[in-house]
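In: model this:
(chains A and B)
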There are 2 protein chains.
Amino acid sequence: MERVDSLIHARWVIPVEPEGAVLENFGVAIEAGRIVDLAPSAELNSRYTSGQVRNLDQHALIPGLINSHTHAAMTLLRGLADDLPLMTWLTEHIWPAEQRWVGEEFVRAGSTLAIGEMLRGGVTCFNDMYFFPEQTAQAAKDAGMRAVIGMIVINVPSAYASGPQEYLHKGLEFHDKYKDDPLIRPIFSPHAPYTVDEQWLTQVRTYSDELQLPIHMHVHETADEISGSLDQHGKRPLQRLDEMGLVSPHLLAIHATQLEEAEIERLAEAGAHVVHCPESNLKLASGFCPSAALDEAGVNVALGTDSAASNNDLDMIGEMRTAALLGKAVAANAAAIPASRVLRMATLNGAQALGIDDLVGSIEPGKQADLAAINLNEIELSPIYNPLSHLVYATNRQHVSDVWVAGKNLVREGRLSTVDKTQAIKQAEYWRSQIAAENSKSV
Amino acid sequence: MERVDSLIHARWVIPVEPEGAVLENFGVAIEAGRIVDLAPSAELNSRYTSGQVRNLDQHALIPGLINSHTHAAMTLLRGLADDLPLMTWLTEHIWPAEQRWVGEEFVRAGSTLAIGEMLRGGVTCFNDMYFFPEQTAQAAKDAGMRAVIGMIVINVPSAYASGPQEYLHKGLEFHDKYKDDPLIRPIFSPHAPYTVDEQWLTQVRTYSDELQLPIHMHVHETADEISGSLDQHGKRPLQRLDEMGLVSPHLLAIHATQLEEAEIERLAEAGAHVVHCPESNLKLASGFCPSAALDEAGVNVALGTDSAASNNDLDMIGEMRTAALLGKAVAANAAAIPASRVLRMATLNGAQALGIDDLVGSIEPGKQADLAAINLNEIELSPIYNPLSHLVYATNRQHVSDVWVAGKNLVREGRLSTVDKTQAIKQAEYWRSQIAAENSKSV
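Out: A predicted model of the protein is given here:
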């Protein structure tokens, strides 16, 4: 008998790899934060002993969810201004609030709030793009959560940096500090083709080649972005990026609601990734990402919530459901984007896009023990024909009972163990009281 | 000081009428199941005393949600067969399961399960179309829930009736038995223009005129329905219904994903109602209901979940969110279907469509005390700029803490008081074990 740090047994284990597998009465053995075995519970019990044994006999155990596109700190702006036309929302509410309030404290408080929300809902890793990335990284480390943190570059000055050169400089300093951190992975995050000048995009590509790091960028979010690019450059944004050498396996194209057939083929051929954010696209009326067509063409499609200011939550279980439902309607095919595929988008595909699939994204021996357990013993989840399709079509994030990152139990029976919920809510209300007073004055 | 049965104070009361109002630190006085006063809590306390006083100081109090289209008993088929093309799903799974299993016991067990789920999620009234309507009515009465129950008519024989004549006959018997029930309201429910022959649709119209009762029917659900009607009758279904005199203020047209501009105008002019079921339409890839265009044209649009077999839940908070998000994207306008309008669709518009807006649908003195309280003190709901938009864009049904129907507290701090949850889950699993065994044999 081998001694391990912990054993988790579950009624169902859904490992994601192989896709669609549902293993009944299985469990995992965890040692030093890593999964060392996945086997039927009876076998596991005959091989290992542990002082930490969990029996989740009404639960499905899945890989922790990966939110592949967020702006975590903006959670402080959740619901600040809803039901407005996109440009009114941005120019009269979101941008002025950011100009006025964004700083180290805002980013730390907003990121902590976001991290608490995400962990509680089964998310174990997020990919963030925002100012003061070190604050978000520190908030994640404090909570024991995994995060991929963007080195943001944008033409517009902010409290964080005066322009593209300083953004890049600060980003590279951030990279040097965190590049060997077990939980934090820095990547490049130029904002969008229309907000970062070509010389800086090219610079980002050079650094990305050198450091072999992904590039996380908003691409083809709205029809206006396309027409603006056609007016200014005589070509569509994706073509400009391609000419700069940016359409490659390093690219995470966020949103991609405006795609022609040849562009889908080009993304597939280049091995680029798309991060689909269906709820944000719907709420801002940005358009419909052809998620099933991308998936069929062989493009790796991951999922993200975008910020809580345009969603208004960081709920990846809800996002899976919206992606599966909307994907069928957009493809006019009720068999498109099945549950097993959308769960893969929210886990392993995200890990692949972010270049961390050696570490996370599926329940496989050798990977980090980033896991979520969902309690299916509820009236609204009865009866259970198929636990995998239930996860997507019937479950809410409140059914998540436990979450582990690198083997640490960060949510236990619904309670956050590393984020002080009361304090996070109090901090959020403090910021709201300041921001709301100013917002009502300016409008 | 007047003595009343109960007083409920809330941090926010959202009465729905007038639309968009959010009343802070208000409360309601309830006597004999009816709202007798709505006023600031301080005033209420100076006017009334009661042995039953609730102080919901972190909650929003709203009218109970109205699910305007369900097949409650089909909750036993939740997740039986997902991610399949529509006709495979129907002809190889749903219809065979119904043919084999539907009877009084199936309908009673399935309806009880659905009622438990709906009450737990803040739904106080549902509009049902299914076989053995008396079983559904009795399940609702047992739970103390309000229900509008369809007198179903369909060409296809079932265990319930041999054909249209017997369906109608049994329906009218049902009507006679329940027409004066305080919680149950019978209405007509011919299945669809393509499944009920013209002579019976005309008969339903005659009875509806005589009894002044609504007619609840699937109309223009899919593109196939339109092309089938054009092939068979040389005209679109809505035109056929109009020629039979069925397009009137009595009509609830369910789904309506296929509408031409002139049809939207005709529905508005006739005072007919549309019940929008966005999640079912997405999941079955049926098409996109032009909800914002209908609303702008003056058509009364209500909301429904459809059955749990094509959704896969009976979650009206989720349905509001999907309707608001999808409505914006379909209208290509981020200001379309705002939160206040979608909450109205899920409450007062439903009551109007069902002809029960004298009784329910808003928090107004004189109406029945059908209410739901939502606890907004959660990390995933922080901060709170606007509790009304939070209800739609951030809340999950698990945030519902309390539900009252006719003044009775049917959910108290998250617990069902009249539905035995453990028994409902057990019954659902019993049916699943039977149905799944047969389904796997037949496929």
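In: quick one: residue A:402 from residue A:112, how far?
Out: Residue A:402 is 21 Å from residue A:112, where distance means Cβ to Cβ, to the nearest Å. From N, CA and C alone the C-beta is placed, and that goes for glycine too.
In: more neighbours: which of those two?
Out: Using other Cβ atoms under 10 Å in any protein chain shown, the more surrounded residue of residue A:402 and residue A:112 is residue A:112, with 27 against 23.
In: what pLDDT does the model give the residue in the stretch 151-300 of chain A that chain B sits nearest to?
Out: Residue of the stretch 151-300 of chain A nearest chain B, by Cβ to the nearest Cβ: residue A:282 (3.8 Å). Looking at residue A:282, its pLDDT stands at 98.
In: biggest helix in chain A, by residue count?
Out: helix A:421-442 (DSSP state H).
In: are it and chain B in contact anywhere?
Out: Yes - counting by Cβ under 8 Å from any Cβ of the partner chain, chain B is contacted by helix A:421-442 at A:421, A:424, A:425, A:428, A:429, A:431, A:432, A:436.
In: if any of those are buried, put those into a ChimeraX selection.
Out: The ChimeraX command for the buried members of the residues of helix A:421-442 next to chain B (criterion: 16 or more other Cβ atoms under 10 Å in any protein chain shown) is given here:
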select /A:421,424,425,428,431,432,436
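In: mind listing what the strand or helix carrying residue A:253 pairs with, with the direction of each?
Out: Residue A:253 belongs to strand A:251-255 when assigned by DSSP states H and E. Take DSSP bridges as the rule and strand A:251-255 pairs in its sheet with strand A:215-219 (parallel), strand A:273-276 (parallel).
In: TSV for those, including mean neighbour count and mean pLDDT?
Out: What follows is the strands paired with strand A:251-255, written out as TSV (neighbours: other Cβ atoms under 10 Å in any protein chain shown; pLDDT from 0 to 100):
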stretch	mean neighbour count	mean pLDDT
strand A:215-219	26	98
strand A:273-276	30	98
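In: a markdown table for those, including distance to residue A:93?
Out: What follows is the strands paired with strand A:251-255, written out as a markdown table (distance: least, Cβ to Cβ, whole Å):
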| stretch | distance to residue A:93 |
| --- | --- |
| strand A:215-219 | 19 |
| strand A:273-276 | 24 |
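In: biggest strand in chain A by residues?
Out: Across chain A, the longest stretch assigned as strand under DSSP state E is strand A:53-63.
In: show me what that one is packed up against.
Out: strand A:6-13, strand A:371-375, helix A:387-393, strand A:400-405 (3 or more Cβ pairs under 8 Å, 6 or more residues apart in numbering or on different chains; DSSP states H and E).
In: and the next helix or strand past it?
Out: Once the chain leaves strand A:53-63, the next helix or strand it forms, by DSSP H and E, is strand A:65-70.
In: mean confidence for that following strand?
Out: Throughout strand A:65-70, pLDDT has a mean value of 98.
In: ok, now stretch A:361-381?
Out: Taken as a whole, stretch A:361-381 has a mean pLDDT of 98.
In: point out where the stretch 301-443 of chain A drops to low pLDDT.
Out: For the stretch 301-443 of chain A, the stretches flagged by pLDDT under 70 are A:440-443.
In: again, only this time at 50
Out: A:443 (pLDDT under 50).
In: distance of the residue nearest to residue A:404 when sequence neighbours are not counted relative to residue A:34?
Out: Computed as Cβ to Cβ, 6 or more residues apart in numbering or on different chains, the closest residue to residue A:404 that is not its neighbour in sequence is residue A:371, at 4.6 Å. As judged by Cβ to Cβ, residue A:371 and residue A:34 stand 12 Å apart.
In: out of these two, which sits in the busier spot?
Out: More neighbours surround residue A:371 than the other of residue A:371 and residue A:34, with 25 against 16 (other Cβ under 10 Å).
In: tell me the bridge partners for that one.
Out: residue A:63, residue A:404.
In: from what I can see it touches residue A:64, true?
Out: Yes - between residue A:371 and residue A:64 there is a contact under Cβ atoms under 8 Å: 5.7 Å.
In: what sits in contact with each of those two?
Out: A:124, A:403, A:404 (Cβ atoms under 8 Å, 6 or more residues apart in numbering or on different chains).
In: what's the separation between the closest residue to the second one other than its chain neighbours and residue B:434?
Out: Read it as residue A:403. By the measure of Cβ to Cβ, 6+ apart, the closest residue to residue A:403 outside its immediate chain neighbours is residue A:411, 3.9 Å from it. Look at residue A:411 and residue B:434: by Cβ to Cβ, they are 36 Å apart.
In: these two: who's more crowded?
Out: Each of residue A:411 and residue B:434 has its neighbours counted (other Cβ under 10 Å); residue A:411 has more, 24 against 14.
In: so which residue is smack in the middle of chain A?
Out: residue A:67 (1.5 Å; Cα atoms, centre = their mean).
In: residue contacts, it?
Out: Taking Cβ under 8 Å, 6+ apart as the criterion, residue A:67 is in contact with A:118, A:123, A:125, A:126, A:127, A:303, A:304, A:305, A:314, A:316, A:319, A:350.
In: and the first one, what helix or strand is that in?
Out: Meaning residue A:118. Element membership of residue A:118 [criterion: DSSP H and E] is helix A:104-120.
In: just to be sure, residue A:19 is in a strand?
Out: No - under DSSP: H, G, I helix; E, B strand; the rest coil, residue A:19 falls outside any strand and is assigned coil.
In: for it, which non-adjacent residue is closest in space?
Out: That would be residue A:340: by Cβ to Cβ, 6+ apart, it lies 5.2 Å from residue A:19.
In: right, and that neighbour touches residue A:387 too?
Out: No - using Cβ under 8 Å, residue A:340 makes no contact with residue A:387, being 11.4 Å away.
In: tell me which of those two has more neighbours.
Out: Of the pair residue A:340 and residue A:387, residue A:387 is the one with more neighbours under other Cβ under 10 Å, namely 24 against 20.
In: got the contact list for the more buried one?
Out: By Cβ under 8 Å, 6+ apart, residue A:387 lies in contact with A:11, A:12, A:14, A:22, A:60, A:376.
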